[in-house]
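In: Okay, predicted coordinates and the sequence, questions at the end:
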Amino acid sequence: MMQPVYISSAAAISPQHSFDAPALLTDVVSSNNGKLYVQDADYTKFINPVAIRRMSRMLKTGISAGMRAVQLAGIDKPDGIITGTGRGSMRDMELFLGDMIRLKEEALNPTYFIQSTYNSINGWLAMQTKCTGYNQTYVHRGHSLEMALLDAQMLLNENSTPQTYLVGSFDEMTEDYFLVKSKAKYWKKNIPNSLQLLQHNDTDGTIGGEGAAFFTITNSAANSICSIAQLQLLQEPTTETVQASINNTLAAEGLQLKDIDLVLCGMSGDARYQPLYTPILQNTTAHTTVAAFKHLCGEYDTATGFALWLATKLFQTQITPQVLIQKKGINPEIRHILLVNHYPQGTATVVLLKQYK
Amino acid sequence: MEDLKLTLKQQIIESLNLQGMTPADIDDNAPLFGDGLGLDSIDSLELMVLLERNYGIKIEDAREGRKVLESVASMADYIAQNRKI
């Protein structure tokens, strides 16, 4: 049986002011064009100015979020770096492929090629932290971050000595990506303001998003924010299998749904997937708050990263901002958070987080 | 030759995204790598692409490439003698 692992720090660069803002979601960002892009931070605090001039936005966000997580954990370097990305560096890949066509495969810029590889951010983080340990990037669409978390959990379970892994996710949205996905009916035709997204759950489609989120994950409970007590992954989820997974997750910890203080749901306003979340809204008691997050970060492969970062902040502040709440519970304390997230290409995730006291 | 050097400096700034720099900030004879402009190995690959794309020059000998990429002046000299476009 897997042992829990602990989150000792978290950092995110997202469409919200998640990186530098002094308070959680007090200045909420919205959009009217169906796209939520990240809020840029001062990347020069974390990246060498000589190197930064070559980097795409995603590299800058990923490296900065990763370095911030290391900094917040108070460590010099992690024992390993494990990341997940659904798409990798889309912009660099598009530029490289565009040049291949335009220049007939001759005189191609090396930078775009080098930085379009999925593990560029891992490499940079390893160089910046001088970490020569385990280094892995998972590219598993909607389960990319989850695979990185599972890998970290297995590695940490094998070690009795305290170890810390830097685990994170990153994905970016480009104009071409948005266009291609629109042909596959990913996005809403009549685009609402992003903050009204969840009220439009009677039509198909959602809004696009992006972001980077990094965590230091340890096998030592001391000074941690919370534990990842359970992590379950589902393929081709149905309403029934999601409910069964929630029940199994709770049972494994000797809990019932009424013991959960807050359920953080990945509902995206898409009518096709709303039924996955309907029983949660129906079955939770007056004790439990049901919250949502995709109207703040948009839909992307590793949106679980934004939700996980948000959960750590909810534990730390013990305040649930009104903008998250779908159904308000009466319990003022946040000790147990259940994260349920679905991604349109047939994956879902159930995570149980417990605050460490 | 002075026009070529100015054009080359503009192309280097654009190609390497040297933010905040102008052609006047680049000395003709200062080393491009190390203590001079502080460029690195990936920049050298970008400069090779710049020569090929803008002047039709392909340098296949690494030793020759190192000499050509010493400074803006050495690049301009080589371009003047070997350009195909």
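Out: Looks like it came in fine. Numbering: from 1, shown residues only, chains lettered A, B, ... in the order given.
In: ok, B:Phe33 touching B:Asp40?
Out: Yes. Counting by C-beta atoms under 8 Å, a contact exists between B:Phe33 and B:Asp40, whose distance comes to 7.3 Å. From N, CA and C alone the C-beta is placed, and that goes for glycine too.
In: So if I had to pick from these two, which one is more boxed in?
Out: Shown here are B:Phe33 and B:Asp40; by other C-beta atoms under 10 Å in any protein chain shown, B:Phe33 has more neighbours (17 against 14).
In: ok, residue 16 - contacts?
Out: No chain in the question, so chain A it is. Neighbouring residues of A:Gln16 by C-beta atoms under 8 Å, 6 or more residues apart in numbering or on different chains: A:Leu25, A:Val28, A:Val29, A:Gln39, A:Leu296, A:Cys297.
In: My question was about chain B, not that one.
Out: A:Arg53, A:Arg54, B:Leu39, B:Asp43, B:Glu46, B:Leu47.
In: Tell me the secondary structure of B:Gln11, please.
Out: Following DSSP: H, G, I helix; E, B strand; the rest coil, the label given to B:Gln11 is helix.
In: Quick check: closest non-adjacent residue to it.
Out: Nearest residue to B:Gln11, sequence neighbours excluded (C-beta to C-beta, 6 or more residues apart in numbering or on different chains): B:Leu50, at 5.8 Å.
In: right, and the one you found touches B:Ile12 too?
Out: Yes. Taking C-beta under 8 Å as the definition, B:Leu50 is a contact partner of B:Ile12 at 7.1 Å.
In: rewinding a little: let me know the helix or strand that the residue nearest to B:Gln11 is in.
Out: Under DSSP states H and E, the secondary-structure element containing B:Leu50 is helix B:41-55.
In: So for that helix, what gets flagged as buried?
Out: Residues of helix B:41-55 classed as buried under the neighbour-count rule (16 or more other C-beta atoms under 10 Å in any protein chain shown) are B:42-55.
In: what does the stretch 51-200 of chain A put close to chain B?
Out: Within the stretch 51-200 of chain A, the positions near chain B by C-beta under 8 Å from any C-beta of the partner chain are A:Arg53, A:Arg54, A:Leu103, A:Glu106, A:Ala107, A:Leu108, A:Asn109, A:Pro110, A:Thr111, A:Ile114.
In: Out of these, who's the most crowded?
Out: Of all those, A:Thr111 has the most neighbours under the rule other C-beta under 10 Å, reaching 23 neighbours.
In: who's in contact with that residue?
Out: Contacts of A:Thr111 (C-beta under 8 Å, 6+ apart): A:Arg54, A:Asp92, B:Ile42, B:Glu46.
In: And the residue of the stretch 251-357 of chain A closest to chain B?
Out: The minimum distance from the stretch 251-357 of chain A to chain B, using C-beta to the nearest C-beta, falls at A:Tyr300 (26.6 Å).
In: That residue reaches A:Gly209, doesn't it?
Out: Yes. Under the contact definition of C-beta under 8 Å, A:Tyr300 touches A:Gly209, with a separation of 4.9 Å.
In: Return every residue with contacts to both of the two.
Out: Common neighbours of A:Tyr300 and A:Gly209, using C-beta under 8 Å, 6+ apart, are A:Met173.
In: quick one on the thing from earlier: which member of the contacts of B:Leu16 is positioned nearest B:Ile26?
Out: B:Leu39 (10.9 Å; C-beta to C-beta).
In: separation between the closest one and chain A?
Out: The gap separating B:Leu39 from chain A is 8 Å, by C-beta to the nearest C-beta, to the nearest Å.
In: how about the helix or strand bottoming out on mean pLDDT in chain A: buried residues?
Out: In chain A, the helix or strand scored least confidently by mean pLDDT, DSSP states H and E is helix A:49-52, which has a mean of 83. Of the residues in helix A:49-52, those buried by neighbour count under the rule 16+ other C-beta under 10 Å are A:Ala51, A:Ile52.
In: show me the contacts for the closest residue to A:Leu25 other than its chain neighbours.
Out: Beyond its immediate neighbours in the sequence, the residue positioned closest to A:Leu25 (C-beta to C-beta, 6+ apart) is A:Pro321, lying 4.2 Å away. The contact partners of A:Pro321, by C-beta under 8 Å, 6+ apart, come to A:Leu24, A:Leu25, A:Thr26.
In: Just the buried residues of those residues.
Out: Members of the contacts of A:Pro321 that pass the buried threshold by neighbour count (16+ other C-beta under 10 Å) are listed as A:Leu24, A:Leu25.
In: Can you add pLDDT, distance to A:Lys77 and secondary structure and give the contacts of A:Pro321 back as TSV?
Out: Written out in TSV, the entries for those read as follows (pLDDT from 0 to 100; distance: C-beta to C-beta, whole Å; DSSP: H, G, I helix; E, B strand; the rest coil):
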residue	pLDDT	distance to A:Lys77	secondary structure
A:Leu24	96	29	coil
A:Leu25	95	31	coil
A:Thr26	93	33	coil
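In: where exactly do the helices run in the chain?
Out: Let's take chain A. Defined through DSSP state H, the helices belonging to chain A, from first to last, are A:49-52, A:57-73, A:90-102, A:110-116, A:120-129, A:144-157, A:175-183, A:239-252, A:278-283, A:294-297, A:303-317.
In: that's the wrong chain, I meant chain B
Out: B:2-15, B:41-55, B:62-68, B:72-82.
In: What residue, apart from its backbone neighbours, is nearest the residue positioned nearest the centre of chain A spatially?
Out: Residue closest to the average C-alpha location in chain A (C-alpha atoms, centre = their mean): A:Gly305, at 1.3 Å. Using C-beta to C-beta, 6+ apart and skipping residues adjacent in sequence, the residue nearest A:Gly305 is A:Ala213, 3.2 Å away.
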